[in-house]
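Chemist: Quick one: sequence and predicted model below, then my questions.
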Amino acid sequence: MPVRHVLGVVFVLASMGSGAARAAAQVGYPPSESPYHDITQKQDFTVYGGYFKGSAGAAGVGPQSGALFGVRYALHVGGPAELVGRLARASSSRTVLDPSQPDDARDLGTTSQAIYLADVGITLNLTGQKSYRHFVPTAGFGLGIASGGTKPDASGYKFGNPFAINGSVGLRFVPGGNISVRADLTDYLFQLHYPNSFFVAPPGSTPILPANAGDNQWTHNIVVTFGVSYVFAR
């Protein structure tokens, strides 16, 4: 093959290679234009408020819906994971029933019953230690208690301090600096414990709960919150 043909082939291949390199260089973003931003803060403290959608349960005596306020502390422990602790108070109420009365007379009205929720758990930043356009989707789970008083009412029912588990999803907005905001949706699962009187029928009527119903019932209690966080590095 003449030398000029060889040089021509080399020139074409070189041109193709440089074109491919330029195309490869266009993949991704220059650092100044990247939609991803590092999250350098290791801790945050959040004050939040929202709505507690309580479950009254099969007997209708569980916590009802109300406003909720709380605080949250998070510590980055490695990778996308944060160790989280939360404490919240829901301004709830509940219905009081008299199981010794017939169906149409056993409702004694409602009474205020604040519910306290305390838990620790793990939250995962789904974009790792980076935000995407300053947003960070999250998912987490936790273990704790729900507390609503230990004094029984006239029926013998009390909310008590049941063990609670929860799962959550959320979205953080991290604009930079020491302030960020977040929204979270959490499902708290805990048991309602019914007294024996709920299964006894008064003369000429029916019991509050049928005999084949369990005296313990797991309930879903949804919490929607919005919070403001102070984030810091140490």
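Modeler: Now that the structure is in, tell me what you want to look at. Numbers count the residues shown, from 1 in each chain.
Chemist: Sheet partners, orientation included, of the lengthiest strand in the chain?
Modeler: If you go by DSSP state E, the chain has its longest strand at strand 216-232. Strand 216-232 has the following strand partners under DSSP bridges: strand 43-53 (antiparallel), strand 179-193 (antiparallel).
Chemist: With mean neighbour count and distance to residue 34 added, can I get these in CSV?
Modeler: C-beta here means a position set from N, CA and C on the backbone, and glycine is covered the same way. Shown next, in CSV, are the strands paired with strand 216-232 (neighbours: other CB atoms under 10 Å; distance: least, CB to CB, whole Å):
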stretch, mean neighbour count, distance to residue 34
strand 43-53, 18, 23
strand 179-193, 19, 19
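Chemist: what's the closest of those strands to residue 158?
Modeler: Among the strands paired with strand 216-232, the nearest to residue 158 by CB to CB is strand 179-193 (7.9 Å).
Chemist: What mean pLDDT does that closest one get?
Modeler: On average, the pLDDT along strand 179-193 is 97.
Chemist: Adjust the sequence numbering to begin at 4 for everything that follows.
Modeler: Understood, numbering begins at 4; the last thing we discussed is strand 182-196.
Chemist: Please compute how far it lies from its chain's middle.
Modeler: In terms of CA atoms, centre = their mean, to the nearest Å, the centre of strand 182-196 is set 4 Å apart from its chain centre.
Chemist: CA atoms only: put it into CSV for me.
Modeler: C-alpha atoms of strand 182-196 as CSV (Å, rounded to 0.1, in the frame of the first residue of the first chain):
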residue,chain,number,x,y,z
ILE,A,182,-30.4,25.7,57.3
SER,A,183,-32.4,23.0,55.4
VAL,A,184,-36.1,22.0,55.3
ARG,A,185,-37.7,18.6,55.1
ALA,A,186,-41.1,16.8,54.7
ASP,A,187,-41.7,13.3,56.0
LEU,A,188,-44.5,10.7,55.8
THR,A,189,-44.3,8.1,58.6
ASP,A,190,-46.5,5.1,59.5
TYR,A,191,-46.4,4.2,63.2
LEU,A,192,-47.6,0.7,64.0
PHE,A,193,-48.6,-0.1,67.6
GLN,A,194,-51.1,-2.3,69.4
LEU,A,195,-54.4,-1.4,71.1
HIS,A,196,-55.1,-3.6,74.1
